[in-house]
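**Student:** Turn this into a model:
(one chain, ligands or ions: 1)
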Amino acid sequence: MSSCMTFFQRLECQILTGKKTATIRDKSDSHYSVGQILDACTHEDGRKMCQIEILSIESLKLSELNRTHAKAENLPFVFVLKWIIRKIYPTEQDLFFIQFRVVSGC
Ligand SMILES: CC(=O)Nc1ccn([C@@H]2O[C@H](CO)[C@@H](O)[C@H]2O)c(=O)n1
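**Tutor:** Numbers count the residues shown, from 1 in each chain. Below you'll find the model as predicted:
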């Protein structure tokens, strides 16, 4: 069985070049395990981008997000990250910070 983690297509280049090394998801999209290798696919059309390895999964609150999390998301400021998260998950407080690395192209 192959599983897929979906990302917005606009992030593809940042993921493939290793600039974006983490994502923040809600509980429904947190059921991965450390060491797991899976496909990263586009949210828009389900196209495979690459394979990623899950490096860590950390539960955290929106209020706990800091500059390190923003950097891993290739974003300059925490407030930008919080703004993006609020657009995707308007009311969720309990989040998961998931770090990954690209293991192969497609
Ligand atoms: C498509 C889908 O199902 N879900 C999501 C949810 C989040 N994200 C990105 O992760 C970061 C938030 O931590 C931001 O950079 C988001 O743009 C994503 O690409 N896809």
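**Student:** quick one: the strands in this protein?
**Tutor:** 4-7, 22-25, 37-42, 48-61, 94-104 (DSSP state E).
**Student:** as a whole number, average confidence for stretch 17-37?
**Tutor:** Per-region confidence: stretch 17-37 scores 97 on mean pLDDT.
**Student:** Okay, and the beta partners of the residue positioned nearest the centre of the chain?
**Tutor:** A centroid search over the chain (C-alpha atoms, centre = their mean) returns residue 23, at 2.0 Å, as the residue closest to the centre. On the basis of DSSP bridges, residue 23 is bridged to residue 98.
**Student:** I figured it hits residue 7, correct?
**Tutor:** Yes. Applying C-beta atoms under 8 Å as the test, residue 23 and residue 7 come out as touching, 7.0 Å apart. Yep, even glycine has a C-beta here, placed from its N, CA and C like the rest.
**Student:** coming back round to it: deepest of the strands of the chain, which one?
**Tutor:** strand 22-25 (a mean of 20; mean count of other C-beta atoms under 10 Å).
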